[in-house]
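Asker: just need the structure, nothing else, for what follows:
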Amino acid sequence: MRYGIIGSGMMGIEHILNLQHIEGALVTAVADPHEPSQQAARAAVGDPGLPVFADHREMLESDLCDAVVLATPNMTHGDILLDILAVDRLHALVEKPLCTTMDACRDVVAASKDRSGIVWMGLEYRYKPPIARLIEEVNGGAAGPVKMVAIREHRFPFLQKVDDWNRFNRNSGGTLVEKCCHFFDLMTLIAGAKPVRVMASGAQDLNHLDESYGGETPDIIDNAYVIVEYDNGVRAVLDLCMFAEGSRNEQEISVVGDVGKVEAFVPEGVVRIGRRDRGRDMDEIKVHDPRIAFEGLHEGSSFLEHLDFAQAIRTNTQPLITLEDGMLAVAVGVAGQMSIAEGRAVPMDEVL
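Answerer: Numbers count the residues shown, from 1 in each chain. Take a look at the predicted model:
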């Protein structure tokens with residue numbers, strides 16, 4: 001299968017490296033207006049003659065690709081994805097977040113209907129082996145009916161991107177959209193219900209305050225607590241800190257039900273399962289997925305997602321992660337950003 005990559009910055013290169021380990025996959029074209037990114041793509045593919053385009057529309061018209069991966073800066077997703085969706089035969093994998101605004105999300109979801117090509121939402125954290133095992137255990141009843149979901153991400157600050165686009169809310173959608181849509185997707189998947197209200201507290205307390213771009217100081221938050229309430233009574237909370245490099249794990253997830261508790265730890269690769277009637281006597285499982293041929297930046301999750309994307313294309317089956325999933329994750333992030341800015345709880349019907 002011939003793949004085109006639109007956007008060959010850090011995540012575009014990550015997709016190229018993953019595709020090199022997918023049987024039958026071949027990167028045949030790249031589109032990116034930034035010349036150093038074009039050269040980085042050629043180097044990653046190992047082909048100095050790889051066709052590169054400054055304009056993604058030229059690549060879409062070239063007939064060099066069967067599928068495309070969209071990995072451009074967040075604020076460009078809406079317009080570029082509409083161009084991709086207009087080419088009916090093309091399959092597409094869209095990097096998170098789907099878009100930075102709800103209007104743009106609604107536009108691309110509407111445009112994705114009744115197409116020949118499959119459209120897959122890139123939310124690869126579902127595929128991180130410890131998280132996938134946690135979801136499997138929860139779905140199998142290890143915790144009983146879910147009551148509470150807690151996700152902690154304690155990590156390093158945002159990395160530097162081309163033209164520093166990720167330093168400003170207007171470009172990224174805000175930290176809760178740009179970074180945390182992954183976690184809101186996981187919360188909703190685990191809760192098995194619709195989010196109805198979001199309450200958040202957050203700030204920019206440390207990161208990027210000494211930086212200036214065109215006379216502007218970055219405005220992206222670097223820490224937050226976000227509570228999400230669901231229509232089945234489940235409550236979820238995100239604890240985010242982006243100046244917490246001194247952590248054993250970057251992500252820790254806890255799901256509690258009326259029977260017990262299931263936890264996942266990444267990158268430690270451990271899942272713990274406990275029952276209320278057993279107290280501190282817990283099962284600890286070291287998790288690894290033997291299918292992973294390339295670990296990459298996300299513990300092999302991008303590789304596993306590409307396996308399923310390719311399988312869906314080959315078998316002409318529906319995507320396991322949809323643009324609607326991506327839109328709902330963005331919506332919770334948008335509500336969280338609103339809650340912080342306005343100091344109030346935000347009903348989801350104000351956003352959706």
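Asker: going forward, measure contacts between C-alpha atoms and count neighbours the same way
Answerer: Noted.
Asker: beta-bridge partners for the closest residue to residue 96 other than its chain neighbours, please?
Answerer: Computed as CA to CA, 6 or more residues apart in numbering, the closest residue to residue 96 that is not its neighbour in sequence is residue 122, at 5.6 Å. Applying DSSP bridges to residue 122 gives these bridge partners: residue 95.
Asker: next, count neighbours for residue 122.
Answerer: Using other CA atoms under 10 Å, the number of residues around residue 122 comes to 27.
Asker: again, but for the one 4 residues further on
Answerer: Applying other CA under 10 Å, we find 23 other residues in the vicinity of residue 126.
Asker: what about the closest residue to residue 282 other than its chain neighbours, distance to residue 312?
Answerer: Spatial nearest neighbour of residue 282, excluding adjacent residues (CA to CA, 6+ apart): residue 274 at 4.6 Å. Look at residue 274 and residue 312: by CA to CA, to the nearest Å, they are 35 Å apart.
Asker: returning to that earlier point: the residue nearest to residue 96 and residue 95 touch, don't they?
Answerer: Yes. Applying CA atoms under 8 Å as the test, residue 122 and residue 95 come out as touching, 4.6 Å apart.
Asker: mark out where each domain of the protein begins and ends.
Answerer: According to automatic domain parsing, the chain comprises the domains 2-123+309-322, 126-294+326-350.
Asker: next, format those domains as JSON lines and append distance to residue 303 and mean pLDDT.
Answerer: What follows is these, written out as JSON lines (distance: least, CA to CA, whole Å; pLDDT from 0 to 100):
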{"stretch": "domain 2-123+309-322", "distance to residue 303": "5", "mean pLDDT": "97"}
{"stretch": "domain 126-294+326-350", "distance to residue 303": "6", "mean pLDDT": "97"}
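Asker: how about the ones you listed in TSV, adding distance to residue 300?
Answerer: Shown next, in TSV, are the domains of the chain (distance: least, CA to CA, whole Å):
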stretch	distance to residue 300
domain 2-123+309-322	9
domain 126-294+326-350	6
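Asker: quick one: contacts for the most far-flung residue of the chain relative to its centre?
Answerer: Within the chain, the residue lying farthest from the chain centre (CA atoms, centre = their mean) is residue 277, at 36.1 Å. Residue 277 is in contact with residue 259, counting by CA atoms under 8 Å, 6 or more residues apart in numbering.
Asker: go with 7 Å
Answerer: Residue 277 makes contact with no residue, according to CA atoms under 7 Å, 6 or more residues apart in numbering.
Asker: how near is it to residue 285?
Answerer: Where residue 285 is concerned, residue 277 sits at a distance of 19 Å (CA to CA).
Asker: what's the answer for residue 70, then?
Answerer: According to CA to CA, residue 70 stands 35 Å off from residue 285.
Asker: try residue 336
Answerer: For residue 336, the distance to residue 285 (CA to CA) stands at 34 Å.
Asker: who has more neighbours out of these two?
Answerer: Per other CA under 10 Å, whichever of residue 336 and residue 285 has more neighbours is residue 336, with 32 against 14.
Asker: and the helices in this protein, which stretches?
Answerer: For the chain, the helices defined by DSSP state H cover 10-19, 35-45, 56-61, 77-85, 102-111, 129-139, 169-172, 175-178, 181-191, 301-315, 323-342.
Asker: between those helices, which one is closest to residue 211.
Answerer: helix 169-172 (14.9 Å; CA to CA).
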